[in-house]
Structures are given as C-alpha cells and as structure tokens.
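Engineer: sequence first, predicted coordinates after that:
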Amino acid sequence: MKKWLFILSSFLVLGIIVTVFLGFMDKSKAFEYQGKSDNWKVKLELSNHSRTTIIEYVAKQKEPRTINWILEGAGYETGADHTTVEYKKTTRRESVNDIPEPDSSDKPEIEIEWNGKKEHIILSNKKSE
C-alpha cells in the first residue's frame, strides 16, 4: 500500500512540476491595438511571432471593392495594395520573426486609401486605454 501511495504521489508532484515549467516556457507578450474613424475600424494583434491586422469599413456607404493600406509601428511595417474588402472587412495574418518585442507604448499608424480618398488612423494599446 505504501509503495502505491509513493508512486501516485510521485506522479502528482511530477505533473505539477511539468505544468509549472510549461507555463513559464512561453514568455512572449501579446498586444492588441485599436483605432477608429468615421469610415474605418482597425485592430492589430501583435506578438513576438505573429501579426494580425483587421480592417473593417464602418461607414454607411457601400464598402469599396479594394483598398491600399500601410501600417507602421515601432520597428515594423506591413501593408498591401489592391486588398479586397469582403463583407466590409479584410484580414491579414502574418507569421513574423523579425519584429522587436511588442511595447505597450507603441502607437502604430495606418494609412488607408480607397476610391480616391485617404485616411490616417493612430492605433492605441487596448490595455492602456
């Protein structure tokens, strides 16, 4: 009986140690930035290894078929020309290894061009608002 109790408690302790170790392995920070204007709502999800940009058309007029956009932040830049807008939204997901550690003080800025119009939106860290 003592042998089984020892084996069971050993597995329990080992499981706790492994769980704690795995919890500390991923030290990456993730940040979410948002910005809005009369025409557009933008969300940027940024971590050490990925970047997701969601651009949503919020104006009452019919959405444009395509847009050109460029987003710049502290040590990184992304964008696309002739991006299709479907159901008032476009999303771009990127795996990246070359951007610096995300910083809560970063104020990314996006420029969106559509139908001969141009707009700049400064994004702010959702957690710092």
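Structural biologist: Nice, thanks for sending it over. Numbering: from 1, shown residues only.
Engineer: state the distance from residue 42 to residue 6.
Structural biologist: According to Cβ to Cβ, to the nearest Å, residue 42 and residue 6 sit 58 Å apart. Quick note: C-beta positions are derived from backbone N, CA and C, even for glycine.
Engineer: which one of the two is surrounded by more residues?
Structural biologist: The neighbour comparison of residue 42 against residue 6 (other Cβ atoms under 10 Å) goes to residue 42, with 22 against 10.
Engineer: just the element for that one, please.
Structural biologist: Following DSSP states H and E, one finds residue 42 within strand 40-47.
Engineer: show the subsequent helix or strand relative to that strand.
Structural biologist: Per DSSP H and E, the helix or strand that comes after strand 40-47 is strand 50-57.
Engineer: show me the contact partners of that following strand.
Structural biologist: Residues outside strand 50-57 that contact it (Cβ atoms under 8 Å, 6 or more residues apart in numbering): 39-46, 63-64, 67, 69, 71, 76, 78, 83, 85, 88-96, 99, 110, 112.
Engineer: return the set of buried residues in it.
Structural biologist: In terms of neighbour count (16 or more other Cβ atoms under 10 Å), strand 50-57 has its buried residues at 51, 53, 55, 56, 57.
Engineer: repeat for stretch 109-122
Structural biologist: Per 16+ other Cβ under 10 Å, stretch 109-122 contains these buried residues: 110, 112, 114, 121.
Engineer: ok, now how distant is the first one from residue 11?
Structural biologist: Just to be clear, that refers to residue 110. Taking Cβ to Cβ, one finds residue 110 at 51 Å from residue 11.
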